[in-house]
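Student: Requesting a structural model of the entry that follows:
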Amino acid sequence: MSARPDFSRYLVEPPDAEAWGVAVTGCGRQTCAAGSPYPPLTHPADHLFSWKEGRVLGACQIVFISEGRGRFESRATGLVEIEAGTCLVILPGVWHRYAPDPKTGWTELWIELRGPTPTALFEKGSLSASNAVVPLTRGVELEKTMEQIEDRLTATTAGFDSEAAALGLHALSLVIEGPRVRAPGRAITTLVEKAERRLLDSVDTPTPIPHVARELGVAYSYFRREFKKHTGLAPYQYVRRLRLEKARRLIGSSSESLQSISERLGFASPFHLSSAFKKQYGQSPDHWRRHRG
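Tutor: Next up, the predicted model:
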């Protein structure tokens, strides 16, 4: 079992959560030995629950099971058996219950997050009650992140901790990526990752997208559909974004002319580069260059 002692701390939501998008308002860990009662009585009254009654929280919690096994249930998921390396995403207002297997016990780590970012992710569908049980391949990284949050909240006496907030955002990103990484379609995920590297490496001399699909051994229509599903952008939009990002770096760090940059990155003319740049970044290349830094 983990060498760290049991720990829990809950805080009120600070005003800074609005500006940062998120605040960590609680965290802790609990090692429940085989056969011992669960949950522990050290939780605040509004976080205590029994398997018989379950509970509903007013904030988002991420619970990571680092050792042991058990079960989780909500109306959206039904009863699910869970193993070590599994993350539970508890959304506000969602009835749920969970407990370790009495034969094995478990070690759990949790953080509580409040603020507009978790709410926005829920509204967008990136967090959902039906995907509350998340098996992770990057569980070690999540555990380390949660331990860093624990260290921050152990040391912090009062006030908003911006570093803990940043770590909370990282934990959210690991949880959201989890189902995508563990999905049965891992082969296409690997293919898309190879395509992303291929497109990045050839940003100065763009390769036609159908050629990239052919190099990877898949039909262009299939590749185009799966690429957008995994990245959120169609392949041509992705390439355009790469070219604009490089153009922005060149414009901001060199005196190279727009004519030269547009030719180098495959834009039809400086006018087309300028128009695309302004649409993407809200300012002209000349304005960006004059006010950079």
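Student: ok, I65 to L172 distance?
Tutor: 18 Å (CB to CB, to the nearest Å). For the C-beta atoms, the positions are set from N, CA and C on the backbone; glycine is no exception.
Student: I would like the residues contacting stretch 117-132, please.
Tutor: Contacting residues not belonging to stretch 117-132 are listed as 21-22, 60, 72, 74-77, 88-91, 94, 96, 169, 172, 175-176, 179 [CB atoms under 8 Å, 6 or more residues apart in numbering].
Student: go with 10 Å
Tutor: 17, 20-23, 59-63, 72-78, 80, 87-96, 98, 113, 116, 165, 168-169, 172-173, 175-176, 178-179 (CB atoms under 10 Å, 6 or more residues apart in numbering).
Student: and if you look at stretch 196-215?
Tutor: With CB under 10 Å, 6+ apart as the criterion, stretch 196-215 contacts 191, 194-195, 216, 218-224, 227, 230-231, 234-236, 238-243, 245-247, 264-266.
Student: which ones among those residues are found in helices?
Tutor: 191, 194-195, 220-224, 227, 230-231, 235-236, 238-243, 245-247, 264 (DSSP state H).
Student: ok, now which ones touch G266?
Tutor: 203-206, 239-240, 243, 272-273.
Student: And the residues you listed, which two are furthest apart?
Tutor: T205 and H272 (17.7 Å; CB to CB).
Student: More neighbours: the two, which one.
Tutor: H272 (12 against 9; other CB atoms under 10 Å).
Student: Contact partners for that one?
Tutor: So H272 contacts 262, 266 (CB under 10 Å, 6+ apart).
Student: longest helix anywhere in the chain?
Tutor: Longest helix in the chain, counting by DSSP H: helix 162-182.
Student: for that helix, what is the average pLDDT?
Tutor: Mean pLDDT, computed over helix 162-182, is 81.
Student: can you map out the strands along the stretch 51-200 of the chain?
Tutor: Taking DSSP state E, counting those that start in this stretch as the criterion, the stretch 51-200 of the chain contains strands spanning 60-74, 78-83, 86-90, 96-100, 106-114, 133-135.
Student: Between helix 162-182 and the longest one, find me the angle.
Tutor: Interaxial angle, strand 60-74 versus helix 162-182 (axes from the mean of the first three to the mean of the last three CA atoms, to 10 degrees): 40 degrees.
Student: Please tell me how far the most centrally placed residue in the chain sits from Q148.
Tutor: Taking CA atoms, centre = their mean, the centroid of the chain lies closest to S173, which sits 1.1 Å from it. S173 sits 14 Å away from Q148, taking CB to CB as the criterion.
Student: tell me the domain ranges of this protein?
Tutor: 7-182, 187-291 (automatic domain parsing).
Student: quick one, which of those is packed in tightest?
Tutor: domain 7-182 (a mean of 17; mean count of other CB atoms under 10 Å).
Student: Quick one: residues contacting E245.
Tutor: Applying CB under 10 Å, 6+ apart, the residues near E245 are 200, 203, 280-281.
Student: That one and T107, how far apart?
Tutor: For E245 relative to T107 (CB to CB), the value is 42 Å.
Student: ok, now K278?
Tutor: 53 Å.
Student: Leaving out sequence neighbours, find the closest residue to S257.
Tutor: Counting by CB to CB, 6 or more residues apart in numbering, P270 is the residue found nearest to S257 once chain neighbours are left out, at 7.8 Å.
Student: show me what contacts the one you found?
Tutor: Counted by CB under 10 Å, 6+ apart, P270 has contacts 257-263, 285.
Student: can you give me the angle the helix or strand that contains G26 makes with helix 162-182?
Tutor: Secondary structure assignment for G26, by DSSP states H and E: strand 23-32. Strand 23-32 and helix 162-182 are oriented at 60 degrees to each other (the same axes, to 10 degrees).
Student: Helix, strand or coil: sort out R4 for me.
Tutor: At R4 the chain is in coil, as set by DSSP: H, G, I helix; E, B strand; the rest coil.
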